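In: Return a 3D structure for these sequence lines:
(2 chains)
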2 protein chains.
Amino acid sequence: MAKAIDSISIIGSGNVAFHLGRAFRGQITINTVYSRNAKSGQELANELSAKFTSKIADIPLSDLALICVNDDEIGNVIDQLSIEQSVAYTSGSVGLNQLPQRDDLGVFYPLQTFSKNRETNIFEVPFFIEATNEVFAQDLFDLAWMLSRKVSFANSTDRKNLHVAAVMVNNFVNHLNLLAKDFTESKNLNWDHLKPLIKETAAKLQDINPSDSQTGPAIRGDESTISSHLDLLGGNTKEIYKLLSESIQKQHSK
Amino acid sequence: MAKAIDSISIIGSGNVAFHLGRAFRGQITINTVYSRNAKSGQELANELSAKFTSKIADIPLSDLALICVNDDEIGNVIDQLSIEQSVAYTSGSVGLNQLPQRDDLGVFYPLQTFSKNRETNIFEVPFFIEATNEVFAQDLFDLAWMLSRKVSFANSTDRKNLHVAAVMVNNFVNHLNLLAKDFTESKNLNWDHLKPLIKETAAKLQDINPSDSQTGPAIRGDESTISSHLDLLGGNTKEIYKLLSESIQKQHSK
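Out: As a prediction, this is how the structure comes out:
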């Protein structure tokens, strides 16, 4: 049986475009890479043996235009694509009904953080699929299934809620680590000392309920340690230390 | 050459006592486990083929009493041990000069989170050593070197600063994950969807500077997504979302 989606264009040349493009390579035809950024767009096109264009009107019709651009540009891109073109986008937080409508409009959302210079095990990445009609939804599901064994359908509300949780476990966790790194280095200590702990913290979360693995001065009610820590901190970091310690204590007293 | 520390007692039967006890097993003699908790103390003693006692006066003299109890009980335990007994404790935040003094008093601080029912690769755990005299400090260093290849000397100030960073990258990260899990489950979504992202977030931090891997609505300045996320949240989680998003934006505009 022929695949319903056998040729695609990739719109964008950021981290998501690079990772999805690489994952599709050798499995389906990637006709064209479009990007406003000629350097990274050409680079991705070269990697994928695809044509590059920086003119949206030059994107040829294909089975799917996969839009991997910032949330606030998705609608604008869709408006410029032929109304015949089937379209999917990769955003967690943009609802299907917030965009210009067409027959085949869908979502192809990978719940993962991507960096260009880092390999990702795409097979383990959860994909969430939604579309304006069931046939196209199934086509997108099958497309995701080429890449991963963690594919689900999710409506825009569920996807948005998952994105909120993703912001918390990725963006905020990364920022806490940045503040901790800045603090450590401001004390002339080596940040590498913290890396085994960072690794184990995440490893535990794979197996253990976070409410069972909470440790530290806040949950022990060790106010003298908390207050001596606050004395060492300033600015945002101090505020965050305070608010999170209070939140741990509230949670614990429930 | 005989080891300077060849027999120890373990004081406490919590997570740290279990993990260090298991790591020492077969390498040095563990005479006695003392704990106020007869159940977990006896369990640990059985595992280590050691005697168990719940009377501190019954702990026989050994090369080292390794104190693995809560910060606020360390001084009390030390006061009850024979003044002849060499002592080390495993706390990150208690300063050497905050405790009752004796000839051989030291610190044996593993910078890691331990759970009883989880194996830890002790060889990768950073240990920080401090003592009231250089000979004893070297003995404790050699003892830690049996277990790990990441052993350093650190004074009480450095150790306290490392502990602050550890609270941020472990306790606070774990709590953020708990809030994210509660949110996810309150929306009837499966928390397991987030696990690959949690894993990759920590994996990236091993290799990449967190300032280079910050992504998400806050750093993109995507105020409409931030405000739609805040509408979905309540209580502590909303406050934390707000404060961390502001902190990411401040950091970014530096």
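In: ok, and does stretch A:166-173 reach over to chain B?
Out: Yes. Stretch A:166-173 is in contact with chain B by CB under 8 Å from any CB of the partner chain, via A:166, A:167, A:168, A:169, A:170, A:171, A:172, A:173. Heads up, the C-betas are built off the backbone N, CA and C, glycines and all.
In: Quick check: the last one touching residue B:204?
Out: Right, residue A:173. No. If you go by CB atoms under 8 Å, residue A:173 and residue B:204 don't touch, sitting 10.3 Å apart.
In: Those two: who's more crowded?
Out: Higher neighbour count among residue A:173 and residue B:204: residue A:173, with 28 against 22, using other CB atoms under 10 Å in any protein chain shown.
In: Just the buried positions in the helix or strand harbouring that one, please.
Out: Using DSSP states H and E, residue A:173 falls within helix A:173-186. For helix A:173-186, burial by neighbour count (16 or more other CB atoms under 10 Å in any protein chain shown) applies to A:173, A:174, A:175, A:176, A:177, A:178, A:179, A:180, A:181, A:182, A:183, A:184.
In: and if you look at stretch A:105-119?
Out: Buried-residue list, stretch A:105-119, by 16+ other CB under 10 Å: A:105, A:106, A:107, A:108, A:109, A:110, A:111, A:112, A:113, A:114, A:115.
In: Read off the pLDDT value for the fourth one.
Out: For residue A:108, the model assigns a pLDDT of 98.
In: go on, the first one?
Out: In the predicted model, residue A:105 carries a pLDDT score of 98.
In: Contact partners for it?
Out: Going by CB atoms under 8 Å, 6 or more residues apart in numbering or on different chains, residue A:105 touches A:78, A:86, A:87, A:88, A:96, A:99, A:131, A:132, A:136.
In: Among the residues of stretch A:166-173 next to chain B, which one lies nearest to residue B:231?
Out: Nearest to residue B:231 among the residues of stretch A:166-173 next to chain B is residue A:167, at 13.7 Å by CB to CB.
In: Counting neighbours, what do you get for the residue nearest to the closest one when sequence neighbours are not counted?
Out: Once flanking residues are discounted, residue A:167 sits nearest to residue B:216: 5.3 Å by CB to CB, 6 or more residues apart in numbering or on different chains. Applying other CB under 10 Å, we find 22 residues neighbouring residue B:216.
In: next one: the one 5 residues further on
Out: Counted by other CB under 10 Å, the residues lying close to residue B:221 total 12.
In: ditto for residue A:131
Out: 22.
In: I figured it was touching residue A:142, is that so?
Out: No. The pair residue A:131 / residue A:142 is not scored as a contact, 11.9 Å apart, by CB under 8 Å.
In: Any buried residues in the longest helix anywhere in chain A, and which?
Out: Looking across chain A with DSSP state H, the single longest helix is helix A:235-253. Using 16+ other CB under 10 Å as the test for burial, helix A:235-253 gives A:236, A:237, A:239, A:240, A:241, A:243, A:244, A:245, A:247, A:248, A:251.
In: residues in contact with the closest residue to residue A:89 other than its chain neighbours?
Out: Nearest residue to residue A:89, sequence neighbours excluded (CB to CB, 6+ apart): residue A:67, at 4.1 Å. Residue A:67 is in contact with A:11, A:12, A:74, A:77, A:78, A:87, A:88, A:89, A:90, counting by CB under 8 Å, 6+ apart.
In: go with 6 Å
Out: Going by CB atoms under 6 Å, 6 or more residues apart in numbering or on different chains, residue A:67 touches A:11, A:74, A:77, A:89.
In: what's the offset of the helix or strand where the third one lies from the middle of its chain?
Out: Read that as residue A:77. Residue A:77 is part of helix A:74-80, with elements assigned from DSSP H and E. Relative to its chain's centre, helix A:74-80 lies at 21 Å (CA atoms, centre = their mean, to the nearest Å).
In: for stretch A:246-254, same thing?
Out: 30 Å.
In: repeat for stretch A:145-158
Out: Worked out by CA atoms, centre = their mean, stretch A:145-158 lies 13 Å from the chain centre.
In: what's the answer for stretch A:63-81, then?
Out: The answer for stretch A:63-81 is 17 Å, by CA atoms, centre = their mean.
In: just stretch A:209-224 next, same as before
Out: Stretch A:209-224 sits 30 Å away from the centroid of its parent chain (CA atoms, centre = their mean).
In: Now for residue A:206, how many residues are close by?
Out: Count around residue A:206 with other CB under 10 Å applied: 11.
In: and if you look at residue A:72?
Out: Neighbours of residue A:72 (other CB under 10 Å): 13.
In: Count the residues that sit near the closest residue to it other than its chain neighbours.
Out: Excluding its sequence neighbours, the residue lying closest to residue A:72 (CB to CB, 6+ apart) is residue B:222, at 6.9 Å. By other CB under 10 Å, 18 other residues sit near residue B:222.
In: Backbone dihedrals for residue B:222, please?
Out: Main-chain torsions, residue B:222, degrees, to the nearest 10: phi -90, psi 80.
In: per-residue confidence at it?
Out: At residue B:222, pLDDT is 88.
In: Then residue A:26 would be within a helix, right?
Out: No. Under the criterion used here (DSSP: H, G, I helix; E, B strand; the rest coil), residue A:26 is coil, not part of a helix.
In: what's the spacing between it and chain B?
Out: Distance of residue A:26 to chain B, given as CB to the nearest CB, to the nearest Å: 23 Å.
In: What strands line up against the helix or strand hosting residue A:30, and which way round?
Out: Element membership for residue A:30 (DSSP H and E) is strand A:29-34. Strand A:29-34 sits in its sheet next to strand A:7-11 (parallel), strand A:51-53 (parallel), going by DSSP bridges.
In: now could you export just the CA positions of it as PDB?
Out: Only the C-alpha atoms of strand A:29-34 are listed here, as PDB (Å, rounded to 0.1, in the frame of the first residue of the first chain):
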ATOM      1  CA  THR A  29      10.900  12.300  -0.200                       C
ATOM      2  CA  ILE A  30      11.800  15.800   1.100                       C
ATOM      3  CA  ASN A  31      11.200  18.000  -1.900                       C
ATOM      4  CA  THR A  32      12.000  21.400  -0.600                       C
ATOM      5  CA  VAL A  33      13.200  23.300   2.400                       C
ATOM      6  CA  TYR A  34      11.900  26.800   2.800                       C
END
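In: Mind jotting down where the helices sit in chain A?
Out: Here chain A has its helices, by DSSP H, at A:15-24, A:38-48, A:74-80, A:134-147, A:156-166, A:173-186, A:195-207, A:217-220, A:223-232, A:235-253.
In: To residue A:32, which of the ones you listed lies closest?
Out: Once the helices of chain A are compared by CB to CB, helix A:38-48 is nearest, at 7.6 Å.
In: mean confidence score for the closest one?
Out: Rounded mean pLDDT across helix A:38-48 is 97.
In: Can you check what angle separates it from helix A:15-24?
Out: 10 degrees (axes from the mean of the first three to the mean of the last three CA atoms, to 10 degrees).
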